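K.L.:
coords below, sequence missing:
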Ligand code: 6R9
């Protein structure tokens with residue numbers, strides 16, 4: 001790579017803040033989208049412009065109308081069109097004669113383990129598993145839950161569900177047994193696909209026990225399929241109503257299942273995400289709107305072409321993995337790389353080893369990972385040939401300019417555009433980012449809204465703010481990939497996303513993503529972070545209410561307040577302020593129990609960075625906990641005015657305890 005001797009300090013001096021970068025010529029020459037007039041074209045032609053996305057799919061029957069807004073905000077897209085998502089991701093590529101091209105390159109955590117699935121092979125296994133699910137009694141519209149790590153059977157199961165019209169609900173494998181039970185109960189899901197275990201930093205990790213524990217908390221009967229990922233490394237037993245994946249697939253060897261004809265607006269999947277209250281939200285995505293939007297953004301932003309070796313390093317248990325490991329890339333017929341393990345196993349160059357081995361052309365990852373790479377040092381990427389890379393992307397949280405520039409230089413060799421993509425579980429796909437073949441890139445600022453997306457930054461009353469001023473991000477026109485509702489909870493759907501800025505009397509509907517943002521003079525949006533009680537830890541959304549209720553559930557805890565504090569690698573980390581019950585000592589034992597309580601309720605990602613015991617929490621006279629103050633304390637910031645507090649004396653006391661343990 002060039003400029004190897006340059007230190008980060010020198011790089012920063014050369015690339016000062018506020019500077020912008022032009023898309024590299026070599027990239028522009030071959031980009032999928034290069035004509036700037038696309039913005040105008042979409043605006044003038046809205047909503048018909050979205051036919052461009054729909055045209056990326058194969059339809060069994062064409063739709064009558066692009067957008068039906070007669071029952072806003074319950075919008076319908078491409079209504080009355082008919083299609084199948086699995087057919088779009090598999091069969092049509094095989095029919096095009098591309099069956100022997102690679103669909104999935106799976107890289108196991110052990111360095112000697114990998115699997116390659118061509119489109120032919122993937123279609124075959126999806127067919128066999130679809131037949132097995134049917135035989136298990138899975139019917140169209142039954143929700144099938146998947147509680148699986150990054151193994152090929154996860155996308156296979158998702159596509160098998162899509163094939164038979166059964167919506168899936170994937171629960172991140174790192175989530176706890178309780179989290180699994182809550183989601184299965186919430187979705188009335190009677191079917192589960194899980195596995196015995198998987199590798200984490202060289203050790204086999206038992207997953208089946210956690211799944212079984214979760215099943216104990218499910219209030220209805222469930223049939224379970226268990227994938228044997230670890231073989232002899234880990235023994236597991238099958239209980240009642242539990243079947244082995246390999247046996248099932250072998251029983252259906254050679255089976256074919258006709259893809260079920262789905263209506264455009266039929267549910268493709270549910271994905272639970274943390275919200276302001278303790279109960280996670282079941283975000284509902286549909287077949288045509290979601291799939292066309294995932295495919296369109298994969299084409300326009302990730303620049304995916306069939307011959308690419310594209311790699312998104314997210315976990316399929318999150319929306320990023322759904323849209324940009326599975327549905328978008330496979331709909332476009334490319335090769336999608338899937339990695340089981342962590343970036344530092346067996347060593348801190350594993351990611352770059354994979355890029356090198358598989359000639360990865362695009363890499364889509366998270367700022368938290370980039371900050372870790374930065375900390376480990378440029379010598380790790382420098383050990384490998386990364387010249388196959390053509391585009392880099394980030395998602396999940398704001399990226400600081402320093403991390404952006406490091407990524408651009410040390411991974412992209414200053415010859416790959418970096419797309420900083422803002423979007424959410426609810427939006428289905430990317431919303432705000434530069435088009436890599438067109439726009440200038442500004443480190444730290446995601447970019448303008450994509451063509452056809454109408455976003456703005458407003459104040460509390462909904463009036464646009466001046467450039468440079470902080471406000472709230474809003475989206476004031478619908479888009480195909482948007483969530484349709486929260487599962488069986490239309491009322492909460494309206495409350496959570498539409499109440500704040502809409503004007504129902506005038507039939508004006510404004511979507512509120514609950515993020516703060518600012519605009520610059522060129523219309524670029526810098527996303528500042530969540531404005532609700534959600535913490536973004538390593539790009540993962542955690543509700544403070546969920547965390548607090550887990551902590552209060554620990555014996556000896558009377559009250560708890562949780563806030564997000566700045567963290568060098570994770571972006572934000574969990575800070576918990578805890579009041580113990582009378583007579584209970586806040587010490588190492590209780591700390592351990594709290595950590596355990598949080599891991600049991602949510603999962604290890606929610607583990608508190610710091611637990612501070614205090615006799616009281618700072619409260620306003622009306623009794624509200626002053627979270628902002630607790631955030632300042634966590635960050636070691638200067639504390640603002642405390643005169644509105646009922647108990648100002650407590651503040652110094654708490655501040656003195658941070659960093660004590
Ligand atoms: C895709 C995904 C959504 C929240 C979102 C925002 C934050 C995502 C971002 C970003 C700044 C970016 N977020 N991308 N913030 N810049 N490029 O992450 O979905 O897990 O639902 O999280 O993540 O706060 O509201 P999800």
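P.N.:
Nice, thanks for sending it over. Keep in mind that this is a model prediction, so the values were computed, not measured. Residues are numbered from 1 along each chain as shown.

K.L.:
where do the helices sit along the stretch 151-300 of the chain?
P.N.:
With DSSP state H, counting those that start in this stretch as the criterion, the stretch 151-300 of the chain has helices at 153-164, 177-186, 208-216, 245-251, 287-300.

K.L.:
now mean neighbour count and distance to the ligand too, for the ones you listed, in JSON lines please.
P.N.:
To be clear about C-beta, it is placed using only N, CA and C from the backbone, and glycine gets the same treatment. As requested, the helices of the stretch 151-300 of the chain are exported to JSON lines (neighbours: other CB atoms under 10 Å; distance: least, CB to the nearest ligand atom, whole Å):
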{"stretch": "helix 153-164", "mean neighbour count": "27", "distance to the ligand": "17"}
{"stretch": "helix 177-186", "mean neighbour count": "21", "distance to the ligand": "15"}
{"stretch": "helix 208-216", "mean neighbour count": "19", "distance to the ligand": "21"}
{"stretch": "helix 245-251", "mean neighbour count": "16", "distance to the ligand": "28"}
{"stretch": "helix 287-300", "mean neighbour count": "28", "distance to the ligand": "11"}
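
K.L.:
would JSON lines of these with mean pLDDT be doable?
P.N.:
JSON lines is the format used below for those (pLDDT from 0 to 100):
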{"stretch": "helix 153-164", "mean pLDDT": "99"}
{"stretch": "helix 177-186", "mean pLDDT": "96"}
{"stretch": "helix 208-216", "mean pLDDT": "98"}
{"stretch": "helix 245-251", "mean pLDDT": "98"}
{"stretch": "helix 287-300", "mean pLDDT": "98"}
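
K.L.:
using a markdown table, lay out the ones you listed together with distance to residue 378.
P.N.:
Converted to a markdown table, the helices of the stretch 151-300 of the chain look like this (distance: least, CB to CB, whole Å):
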| stretch | distance to residue 378 |
| --- | --- |
| helix 153-164 | 33 |
| helix 177-186 | 37 |
| helix 208-216 | 38 |
| helix 245-251 | 42 |
| helix 287-300 | 29 |
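
K.L.:
identify the residues contacting the longest helix seen in the chain?
P.N.:
Taking DSSP state H as the criterion, the chain has its longest helix at helix 119-135. Contacts of helix 119-135 with the rest of the structure, by CB atoms under 8 Å, 6 or more residues apart in numbering, involve 86, 90-91, 93-94, 98-104, 117, 144, 153, 156-157, 159-161, 163-164, 166, 191, 225, 245, 248-249, 251-257, 333.

K.L.:
cutoff 6 Å now
P.N.:
Here helix 119-135 makes contact (CB atoms under 6 Å, 6 or more residues apart in numbering) with 90, 93-94, 98-99, 101, 103, 156, 159-160, 163-164, 248-249, 252, 255-257.

K.L.:
packing partners for the next helix-or-strand element following that helix?
P.N.:
Note on helix 119-135: by DSSP states H and E, the next helix or strand toward the C-terminus is strand 144-146. With contacts defined as 3 or more CB pairs under 6 Å, 6 or more residues apart in numbering; DSSP states H and E, the packing partners of strand 144-146 are strand 168-170, strand 191-195.

K.L.:
now with 8 Å, please.
P.N.:
Helices and strands touching strand 144-146, by 3 or more CB pairs under 8 Å, 6 or more residues apart in numbering; DSSP states H and E, are helix 153-164, strand 168-170, helix 177-186, strand 191-195.

K.L.:
flag every residue of the chain that's near the ligand.
P.N.:
Residues of the chain lying close to the ligand by CB under 6 Å from any ligand atom are 273, 318-320, 395-398, 420-425, 446, 513, 515, 527, 529-530, 536, 539, 541.

K.L.:
show me which of those are buried.
P.N.:
The neighbour-count test (16 or more other CB atoms under 10 Å) marks 273, 318-320, 395-398, 420-425, 446, 513, 515, 527, 529-530, 536, 539, 541 as buried among those.

K.L.:
in strands, which of the residues you listed fall?
P.N.:
Using DSSP state E, 273, 395, 420-421, 515, 527, 529-530, 536, 541 are the members of these that sit in strands.

K.L.:
which two in the residues you listed are spaced the farthest apart?
P.N.:
The span of these, defined through CB to CB, is set by 273 and 420 at 20.8 Å.

K.L.:
skipping its backbone neighbours, what lies nearest residue 438 in space?
P.N.:
residue 36 (5.4 Å; CB to CB, 6 or more residues apart in numbering).

K.L.:
how near is that neighbour to the ligand?
P.N.:
Using CB to the nearest ligand atom, to the nearest Å, residue 36 is found at 22 Å from the ligand.

K.L.:
phi, psi for that residue please.
P.N.:
phi -60, psi -20 (degrees, to the nearest 10).

K.L.:
what number of residues lie near it?
P.N.:
For residue 36, the neighbour count with other CB atoms under 10 Å is 13.

K.L.:
returning to what we had before: can you give the distance of the longest helix of the chain from its chain's centre?
P.N.:
26 Å (CA atoms, centre = their mean, to the nearest Å).

K.L.:
what average pLDDT does that helix get?
P.N.:
Helix 119-135 shows a mean pLDDT of 98.

K.L.:
can you check stretch 611-624 too?
P.N.:
84.

K.L.:
quick check: end-to-end length of that stretch?
P.N.:
20 Å (CA to CA, to the nearest Å).

K.L.:
same deal with stretch 516-529?
P.N.:
Using CA to CA, the two ends of stretch 516-529 sit 5 Å apart.

K.L.:
the stretch 201-350 of the chain: strands as residue ranges?
P.N.:
203-206, 223-227, 242-244, 262-263, 267-273, 281-286, 309-312, 335-339 (DSSP state E, counting those that start in this stretch).

K.L.:
in a markdown table: the ones you listed, plus mean pLDDT.
P.N.:
Putting the strands of the stretch 201-350 of the chain into a markdown table (pLDDT from 0 to 100) gives the following:
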| stretch | mean pLDDT |
| --- | --- |
| strand 203-206 | 96 |
| strand 223-227 | 98 |
| strand 242-244 | 98 |
| strand 262-263 | 98 |
| strand 267-273 | 97 |
| strand 281-286 | 97 |
| strand 309-312 | 98 |
| strand 335-339 | 98 |
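
K.L.:
in a markdown table, list the ones you listed along with distance to residue 356.
P.N.:
Formatted as a markdown table, the strands of the stretch 201-350 of the chain follow (distance: least, CB to CB, whole Å):
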| stretch | distance to residue 356 |
| --- | --- |
| strand 203-206 | 26 |
| strand 223-227 | 29 |
| strand 242-244 | 36 |
| strand 262-263 | 40 |
| strand 267-273 | 33 |
| strand 281-286 | 35 |
| strand 309-312 | 11 |
| strand 335-339 | 12 |
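
K.L.:
residue 442 is nearest to which of those strands?
P.N.:
In terms of CB to CB, the element of the strands of the stretch 201-350 of the chain nearest to residue 442 is strand 309-312, at 23.0 Å.

K.L.:
what pairs with that closest one, parallel or antiparallel?
P.N.:
Strand pairing for strand 309-312, using DSSP bridges, gives strand 335-339 (parallel), strand 362-365 (parallel).
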